[in-house]
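# Structural data only, the sequence is not supplied:
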């Protein structure tokens, strides 16, 4: 009893976390197909105590696959996700390629689980920094109305892949040793210029767009509106890369519709919100931090304050493991929704 | 020709930078008195090629002093700044103790230099994170009007003193070596709990106040209004400590009065603004970063974007060396203003 599941990009940072999460959640896998680039084919990976050999990803490998979890970059998804869908699989794609396609649902189960019913073979997993924000803001939107969001992010290097983690570590060591180093990965692999990330902050994630925003910032803006089904929602973002290995943090200002909402209302709401852990007690110096969220599927919220000038304004600090809720766990969670809602039979 | 200058807290991180800055700026010093705690008394420090012996700070040491630059903590300023003033010195105090006192001008020379004329013996130097923000925002306020400021900070550990720098470095090394460590300084020395700063982000700077904001956040809010002489200005702040040694960054959202202002207007204005260096060219991946601002007296501004929903809204990224413009340079700059405006004769 179970499903034929394929994981595309099985050797990557997120792919590894997808396999761990499938195992931990005891997802009903009857057959597991692990796919990757030609280069990684032949490698073996452990799953539930058994060795599974990774195969090169080609269209035919999706024959019989029911759920395909893609996390191997936009160009792989562009080419192979439609092939998987054509063969009857439901694709959960972790890249940005299909996210804004009107025919592709963009899903965070705590927010818009029902949207998976509208899939046409592909469901997109949102950007890591978007996911954790909407998990925290959706209960607020439902209870108090939400008009405006201004977010400044504090993002970990693992969002840029394993090479970026290695770059942060080796650069940090070089600086501690007073040795020279040459940045080669961050802020954007393959871009013209690379900057020091160790003991620094880089206000660029992904490429710049015409309007001066980065693509990462536009992802947060556009994806939030799509997931919440609210094109009127005002969203602004500034995205910054930090010398943190794992765990994205966000300083978020919001304006709600109801001016009578108190901090206590907000805390009581978030305490019961799905996927959210409230960590907010200034007297105990309790607030979320990236170092404490690593390995957890939850979204942590703290530092909730009412704006001093605007009765409808609130400030929040939102932290989550960008590889789990921001990627692997949200993908597996969508797979669980597919099963629970009977979308995949 | 010159002035009898005293530096109180001469051995501290900021005190050292004050001495360097007095030297670099060729400030007219006829006599230099270096004061510190009993513990550091007797140490020798080089100034303009000569050895100066540090003395224990007592009231009588201020006899004959014309300008006294204090940077030895709030309790020292509380006790000794009035003693120095009583003896005829003009005190420039770098602690928070007198900043909100209505009888004490709070000065950033690019913004409100004339306020030094109203001193009653003490002039306060604002908080580091406030200074760099108002230098960038004052020209905007003057030209386009300023209604609202929402800032999220990315602050370096050197703002918490030399011990915090040492803690960041030793912790970073421990983590790279997979060794245990025990945080003992950050976020607030002497507070109950201490947290990992290496490869982490701590959303607490200074102690919490009753309303859930930290004292650092309230400093930014209240000092900005006082310096700009605008109690109607709406200011909100979230202050976060990062694993950066020196250089504070700020993600700032503002609303101006004039909805016709363009990004180009904003850039042209800031390009000519005193104390500001515009670093803003997305095509060249040019934007300010803490690693590049260290050692400079300037305030760097980039990532200027018009808000996508509000014609009066703009986003900016502001970076400066927190030990220089944020502390030592602004103090020496006030001393220069005292001389230039003839306030000290």
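Cool, got the structure. The structure displayed is predicted, hence computed values, not measured ones.
# any idea how far residue A:90 is from residue A:175?
For residue A:175, the distance to residue A:90 under the criterion Cβ to Cβ, to the nearest Å works out to 46 Å. Bear in mind the C-beta positions are built from the backbone N, C-alpha and C, glycine included.
# same question, residue A:301
Using Cβ to Cβ, we find residue A:301 at a distance of 31 Å from residue A:90.
# Neighbour count: these two, which is higher?
Using other Cβ atoms under 10 Å in any protein chain shown as the criterion, residue A:301 and residue A:90 rank with residue A:301 on top: 30 against 23.
# isn't that one right next to residue A:280, touching?
Yes - if you go by Cβ atoms under 8 Å, residue A:301 and residue A:280 touch, sitting 7.0 Å apart.
# what's residue A:56 in contact with, if anything?
With contacts defined as Cβ atoms under 8 Å, 6 or more residues apart in numbering or on different chains, residue A:56 is in contact with A:35-38, A:41.
# May I ask which two of those residues are separated the most?
Distances among the contacts of residue A:56 were taken as Cβ to Cβ; the most separated pair is A:35 and A:38, at 10.7 Å.
# the more surrounded of these two?
Taking neighbours as other Cβ under 10 Å, residue A:35 and residue A:38 compare with residue A:35 leading, 26 against 10.
# Give me every residue in the stretch 101-250 of chain A lying close to chain B.
If contacts are counted using Cβ under 8 Å from any Cβ of the partner chain, the residues of the stretch 101-250 of chain A sitting beside chain B are A:148, A:150, A:152, A:154, A:168-169, A:172-173, A:176, A:187, A:191-193, A:195-196, A:199-204, A:208, A:211-213, A:221, A:234-236, A:238, A:240, A:242-245, A:249.
# Please report the distance of the closest residue to chain B within the stretch 1-150 of chain A from residue A:307.
With Cβ to the nearest Cβ, the shortest gap between the stretch 1-150 of chain A and chain B falls at residue A:150, namely 5.2 Å. Separation of residue A:150 from residue A:307 (Cβ to Cβ): 11 Å.
# Neighbour count: those two, which is higher?
residue A:150 (26 against 17).
# just checking, the more buried one touches residue B:254?
No - because the distance of 10.8 Å does not satisfy Cβ under 8 Å, residue A:150 is recorded as not touching residue B:254.
# what do those two both touch?
What both residue A:150 and residue B:254 touch, as defined by Cβ under 8 Å, 6+ apart, is the set residue B:150.
# just so I have it, where are all the helices in chain A?
Per DSSP state H, chain A carries helices over the ranges A:13-24, A:74-86, A:109-112, A:128-144, A:162-176, A:215-227, A:263-271, A:290-293, A:329-340.
# Look up the closest residue to residue A:125, ignoring the ones flanking it.
Spatial nearest neighbour of residue A:125, excluding adjacent residues (Cβ to Cβ, 6 or more residues apart in numbering or on different chains): residue A:94 at 4.5 Å.
# I meant to write residue A:78 there.
Ranked by Cβ to Cβ, 6+ apart and with sequence neighbours excluded, the top spatial neighbour of residue A:78 is residue A:97, at 5.2 Å.
# Now do the contacts for that neighbour.
Going by Cβ under 8 Å, 6+ apart, residue A:97 touches A:74-75, A:77-78, A:81.
# Distance of it relative to residue A:160?
With distances taken as Cβ to Cβ, residue A:97 is found 17 Å from residue A:160.
# again with residue A:212
As judged by Cβ to Cβ, residue A:212 and residue A:160 stand 21 Å apart.
# who has more neighbours, these two?
Between residue A:212 and residue A:160, counted using other Cβ under 10 Å, residue A:160 has the larger neighbour count: 22 against 15.
# For the residue nearest to that one when sequence neighbours are not counted, give me phi and psi.
Counting by Cβ to Cβ, 6+ apart, residue A:160 lies nearest to residue A:186, which is 6.1 Å off, once chain neighbours are set aside. Dihedral pair for residue A:186: phi -80, psi 150, per degrees, to the nearest 10.
# for residue A:186, what are its contacts?
Under the criterion of Cβ under 8 Å, 6+ apart, the contact partners of residue A:186 comprise A:157, A:160, A:164, A:167-168, A:194-195, A:197, A:202, A:241.
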